[in-house]
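Undergrad: Just to be clear, the model below is a prediction. Sequence and coordinates:
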Amino acid sequence: MGLDLGKVEQNAALHKMRKRVIETIGRNMDLYGISLSTGHLYGLLFFADKPMTLDEMGSEMKMSKTSMSTGVRTLLDMKMVNKVWEKGSRKDLYEVEYDWYQTFTDFFDIKWRKSVESNIMILRKSMEEIDKMEKKYADDAEMMDMLHQDKAKIQDAFAYYQWLNRLIDTFENGDIYRLVPKEPPAKE
């Protein structure tokens, strides 16, 4: 049986194209705080035609099962990969979340909400401290002026974080897509 050179060329071209996309995805995952190797793992799962086990991923990427496990756990935490069940398989299987809109929304919600809550908490604590200092230094005009300036800055920051919370809400409830509609899916 002879080797079909046409098929070999097709497969090589397909592999080259996929590798280029996987490399680009991997490099750009730093936007999500994800390492290059975990980005490559996401790219591998993106092109997989079926869910994969850690062993399969490790074999394909020439990485240890421990590295694969760490990468998959990161992707699971960011909701970029899903654990799936397959009849007859006793190993955990993983597949990429193909809804990139949802992936971005989940990432944005998780990261930004946490940051906003942390900043609001600090701003509230700072305002409480300013209130106490205003009482303590009521007779010191220079100190009171600085406290009022700081209070105005903190109030502006607080207003920004309230706005950012509302923006995050538009992602969570899907209203963002009324403002900026999703692109229609490609037709095959």
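TA: Yep, it's here. Numbering: from 1, shown residues only.

Undergrad: tell me which residues in stretch 109-119 are buried?
TA: Using 16 or more other CB atoms under 10 Å as the test for burial, stretch 109-119 gives 113, 116. (Glycine included, C-beta is placed from N, CA and C.)

Undergrad: cool, stretch 127-138 as well?
TA: Neighbour-count burial for stretch 127-138, counted by 16+ other CB under 10 Å, picks out residue 133.

Undergrad: Stretch 94-102 too?
TA: The neighbour-count check on stretch 94-102 (16+ other CB under 10 Å) flags 94-97 as buried.

Undergrad: Identify all contacting residues around that stretch.
TA: Here stretch 94-102 makes contact (CB atoms under 8 Å, 6 or more residues apart in numbering) with 42, 45-46, 48, 50-54, 57, 72, 75-76, 79-84, 103, 177, 182.

Undergrad: What about those residues, which are in strands?
TA: The members of the contacts of stretch 94-102 that map onto strands under DSSP state E are 81-84.

Undergrad: just the buried members of those?
TA: The neighbour count (16+ other CB under 10 Å) marks residue 81 as buried among the ones in strands among the contacts of stretch 94-102.

Undergrad: will you turn the buried residues of stretch 94-102 into CSV that also has pLDDT and secondary structure?
TA: Below are the buried residues of stretch 94-102 laid out as CSV (pLDDT from 0 to 100; DSSP: H, G, I helix; E, B strand; the rest coil):
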residue, pLDDT, secondary structure
94, 95, strand
95, 95, strand
96, 92, strand
97, 91, coil
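
Undergrad: Can you lay out those residues as TSV showing distance to residue 36?
TA: Formatted as TSV, these follow (distance: CB to CB, whole Å):
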residue	distance to residue 36
94	19
95	21
96	17
97	20
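
Undergrad: Since that was my last question, I'll sign off now.
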